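**Q** 3D model of this:
(2 chains)
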Protein chains: 2
Amino acid sequence: MAESSSLEHPGLDKAAGEEFLQEAFQILLEEAVRKGMDATEKVCDWREPQELQELLDLELRSHGEPRQRVLERCRDVIRYSVKTCHPRFFNQLFSGLDHHALVGRMITEALNTSQYTYEIAPVFVLMEEVVLAKLRELVGWSSGDGIFSPGGSISNMYAMNVARYRRFPDSKRKGSWALPRLALFTSQESHYSIQKGAAFLGIGTDNIYLVGVDERGKMIPEELEKEIERAKAEGAVPFFVSATCGTTVLGAFDPLGSIADVCQRHGIWFHVDAAWGGSALLSRKHRHLLTGIERADSVAWNPHKMLMVGLQCSAFLLRDSSGLLQRCHGASATYLFQPDKFYDVSYDTGDKTVQCGRRVDCLKLWLLWKAVGTEGLERRVDRAFAFTRYLAEEVKRREGFQLVLEPEFINLCFWFVPPSLRGKEGSADYWSRLGKVSVGATVLRPAPSKP
Amino acid sequence: MAESSSLEHPGLDKAAGEEFLQEAFQILLEEAVRKGMDATEKVCDWREPQELQELLDLELRSHGEPRQRVLERCRDVIRYSVKTCHPRFFNQLFSGLDHHALVGRMITEALNTSQYTYEIAPVFVLMEEVVLAKLRELVGWSSGDGIFSPGGSISNMYAMNVARYRRFPDSKRKGSWALPRLALFTSQESHYSIQKGAAFLGIGTDNIYLVGVDERGKMIPEELEKEIERAKAEGAVPFFVSATCGTTVLGAFDPLGSIADVCQRHGIWFHVDAAWGGSALLSRKHRHLLTGIERADSVAWNPHKMLMVGLQCSAFLLRDSSGLLQRCHGASATYLFQPDKFYDVSYDTGDKTVQCGRRVDCLKLWLLWKAVGTEGLERRVDRAFAFTRYLAEEVKRREGFQLVLEPEFINLCFWFVPPSLRGKEGSADYWSRLGKVSVGATVLRPAPSKP
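**A** Coordinates of the predicted model:
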């Protein structure tokens, strides 16, 4: 193609594009939303990898395909995908679909901007700050800082990095190489992102001290104290404690108040990984589970889990309001963050992150919140607790089901004991055989409600 | 609300939800897509932060709002946002809107799954692998590994971390504290994410050796060699070189072949940050700019930039096919990655990342590719080069405009010289006054084309 001709023909058929969008949207609405939420439809048309590979014809070729074929491909993608909005979908910590949040997500995609400066994202820079302030208010802070990150794992890493930087401001320039050996503390039941984060940030997984838990999976503050003393005796510098609100399997909440006392005594950064459990703060009835969170230095909270706003929506919140986050992560790239713009550049908040381009993750949560209000979100959270309570009673009532422990959150752990193993709890291979049959960890989702 | 009543009334009005979706989609189509792409409309209805804050009424309240109010809010969000798909939008490395990619993004949002295991994302686990393989093929590799990450900055961090781990497998467990001082190398014109990454990963920004560039902004291989020798002489261990394909401002391509020679001689990991320039690989006419990329150990390439698939779509590609990525980042969380599932768990690829939940970023690129084919993508890339050439000629022709240098990519840097400064190049304050008037760095976007 000659260069001149390409200049004369920008080549975009906007009318055809819009028609395609219209058709595809109706497919999405019918196949993904309507059927996806219909209990009489399948959660997933399951195929083994080999067969699915053939069905989908994934290969990318030189030539494009006609519109009807592309629309068929949209149908196929939806058909063979798991409908995470289905009433019978019970996998990892997902929640259902909310139409308002979905609209927020579609508008985010259509506008396709990046969250770094006011000039490129005026609405979203302001909106992110309002949403973060609201989440901080629920934590119990009247000021502070924060940022949306690409997920709870990265929010937890942010916490580690800011804690390291506060303790050793030189770490940014000199690296961990120049620091003493750092030690961090979290419970045996904490999320594996603490492991990933310690490895990625150059802290090292060997320097994680796993603190013992009680029979409900909660960190034992006395054990934390012991581990801190042990780390010190071993020559390490304790700098970071991560408590968990809503552990992955049992849904346990660590005792934040007592942990805060220990952190305060030792001058250690107190982080709360409330990625899963944070949303209980919306419930006046259940927020006591997180009592003491207001004493944290930082909090990770993922509205994309329990508040059903969709991946990704993860808030990293800080109590600090001195600009620590900016100082820790900022690089002041001059091509983006010019100090001599024609507006107040304190609104250019993108340098607080370790990213450059950054998705807009606040709109879907903001729009949902506007539509249902804090009360509406609270009802959903309360309903999820009620469902869990209901299921616990059903599990107790039914033959062959055994509750692992009474739920305090919306995780419910139970065993299904097949007829061949019932009444044989004493036999030597009981637990290994039971483990082969089933491990059930079910999470009850907050169903959406009307505004 | 009593718990029992909430069990009886799941509360979701699906019909009203679908109606809302329909109405909101028509607003999106009209306001964000149609008007957004219309050159006679505004790129942005610009307001100062204070005024915008009042106009938007961002505050989150207890009560929800009626549907019509929420729809108005959708209109407002779009109205005051920057239309990055607008033909007159020329900001940082964005590209326009493609209807196919947008459909892929809307379906991604509606399905809302996470990319960690086959059971939860059967279609997307297979699709990601096909798309990554295709990108690797364009790099020149017949095998290898990779993962989509939340952006180029994080892809560059992945490269640093994998390089550190390959050199010092103990780093994962013991941390950088236990390693010698590591040194990494990149050009003075490289992206600031290298700074952010070195800080975040505990390597330290002081341990980045910035290598000099020539008058076109390309790394000078002899200077790289000297810096490596200097680092060694200073007692550091050189472990990582990041060359850039498409620098942020000038659009320069480092000479990959010569840099690869240096890396090979010293046994250093050779990473190519092709976040911006990687898409030139699709053009038979221009891919020579990246000659030598096939010798890299890893590549970061963001299709969300030049291929207009939308934030976020960033591929981290590795030449290694021994499972290095998995070994480096894996944590084998037993609640997700059970080894005794009923399907081939080699398809559970999510443990290669440092994330847990991870967005599906492959569908939009796959769907676009299916729709327009490799040839269609190539035409877009070629057209962007042609537009840049055209603009360069226009800049030369017009009074008061001065080209900074002849473009080799699709960045075009020029000065606008106001009448008061014309012919005064010799005066003492010429450059400082010119700098205050304008710094123009314009990026020409590949316009979408018909399949």
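**Q** for the rest of this, base every contact and every neighbour count on C-alpha atoms.
**A** OK.
**Q** chain neighbours aside, what residue packs nearest to residue A:314?
**A** Distances taken as CA to CA, 6 or more residues apart in numbering or on different chains place residue A:302 nearest to residue A:314, at 4.1 Å, with adjacent residues excluded.
**Q** pull up the gap between that neighbour and residue A:291, please.
**A** According to CA to CA, to the nearest Å, residue A:302 stands 18 Å off from residue A:291.
**Q** tell me which of those two has more neighbours.
**A** residue A:302 (30 against 17; other CA atoms under 10 Å in any protein chain shown).
**Q** hmm, back to that, quick one, what contacts the residue nearest to residue A:314?
**A** A:151, A:152, A:274, A:275, A:276, A:278, A:279, A:313, A:314, A:315 (CA atoms under 8 Å, 6 or more residues apart in numbering or on different chains).
**Q** bridging residues for the residue nearest to the first one when sequence neighbours are not counted?
**A** The shortest distance from residue A:151 to any non-neighbouring residue, by CA to CA, 6+ apart, is to residue A:314 (5.0 Å). Counting by DSSP bridges, residue A:314 is bridged to residue A:149.
**Q** check the burial of the closest residue to residue A:140 other than its chain neighbours by counting its neighbours.
**A** In space, and not counting its chain neighbours, residue A:140 is closest to residue A:294: 5.1 Å by CA to CA, 6+ apart. Neighbour count of residue A:294, defined by other CA under 10 Å: 20.
**Q** likewise for residue A:424?
**A** Close neighbours of residue A:424, defined as other CA under 10 Å, add up to 13.
**Q** quick one, phi psi at it?
**A** When read as degrees, to the nearest 10, the backbone of residue A:424 gives phi -110, psi 30.
**Q** relative to chain B, how far out is the closest residue to it other than its chain neighbours?
**A** Distances taken as CA to CA, 6+ apart put residue A:430 closest to residue A:424, at 6.8 Å, once the chain neighbours are dropped. Using CA to the nearest CA, to the nearest Å, one obtains 18 Å as the distance from residue A:430 to chain B.
**Q** quick revisit: please flag which of the contacts of residue A:302 sit within helices.
**A** Among these, the members falling in helices (DSSP state H) are residue A:152.
**Q** can you put the contacts of residue A:302 in TSV and add pLDDT and neighbour count?
**A** As requested, these are exported to TSV (pLDDT from 0 to 100; neighbours: other CA atoms under 10 Å in any protein chain shown):
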residue	pLDDT	neighbour count
A:151	95	26
A:152	96	29
A:274	98	27
A:275	97	29
A:276	96	24
A:278	98	28
A:279	97	26
A:313	96	26
A:314	97	24
A:315	98	30
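**Q** of the contacts of residue A:302, closest to residue A:211?
**A** Residue A:211 has its nearest neighbour among the contacts of residue A:302 in residue A:274, at 17.5 Å by CA to CA.
**Q** hmm, that closest one is touching residue A:251, no?
**A** No. With contacts counted by CA atoms under 8 Å, residue A:274 stays clear of residue A:251, the gap being 10.7 Å.
**Q** joint contacts of those two?
**A** Shared contacts of residue A:274 and residue A:251 (CA under 8 Å, 6+ apart): residue A:245.
**Q** contacting residues for residue A:350?
**A** A:115, A:116, A:117, A:356 are the contacts of residue A:350 under CA under 8 Å, 6+ apart.
**Q** out of these, which are close to chain B?
**A** residue A:356 (CA under 8 Å from any CA of the partner chain).
**Q** among the contacts of residue A:350, which pair sits farthest apart?
**A** Across those (CA to CA), the longest gap, 10.4 Å, separates A:117 and A:356.
**Q** residues of the helix or strand containing residue A:55 that come out buried?
**A** Residue A:55 belongs to helix A:49-56 when assigned by DSSP states H and E. Buried positions in helix A:49-56, judged by neighbour count with 16 or more other CA atoms under 10 Å in any protein chain shown: A:49, A:52, A:53.
**Q** does the residue nearest to residue A:140 touch residue A:135 like I think?
**A** No. With contact defined as CA under 8 Å, residue A:294 and residue A:135 do not form a contacting pair (11.6 Å).
**Q** for burial, what's the neighbour tally of residue A:219?
**A** For residue A:219, the count of nearby residues is 28 (other CA under 10 Å).
**Q** quick check: closest non-adjacent residue to it.
**A** That would be residue A:213: by CA to CA, 6+ apart, it lies 4.3 Å from residue A:219.
**Q** in terms of secondary structure, what does the helix or strand residue A:72 falls within contact?
**A** Using DSSP H and E, residue A:72 maps to helix A:67-79. Counting contacts by 3 or more CA pairs under 8 Å, 6 or more residues apart in numbering or on different chains; DSSP states H and E, helix A:67-79 packs against helix A:14-27, helix A:49-56, helix B:99-111, helix B:363-397.
**Q** again, 10 Å this time
**A** Here helix A:67-79 touches helix A:14-27, helix A:49-56, helix B:99-111, helix B:122-139, helix B:363-397, going by 3 or more CA pairs under 10 Å, 6 or more residues apart in numbering or on different chains; DSSP states H and E.
**Q** can you list the buried residues in it?
**A** Across helix A:67-79, burial judged by 16+ other CA under 10 Å covers A:67, A:70, A:71, A:73, A:74, A:75, A:77, A:78, A:79.
**Q** now swap in stretch A:276-285 and tell me
**A** By 16+ other CA under 10 Å, the buried positions in stretch A:276-285 come out as A:276, A:277, A:278, A:279, A:280, A:281, A:282, A:283.
**Q** so the third one makes contact with residue A:135?
**A** Right, the one you point to is residue A:278. Yes. If you go by CA atoms under 10 Å, residue A:278 and residue A:135 touch, sitting 9.4 Å apart.
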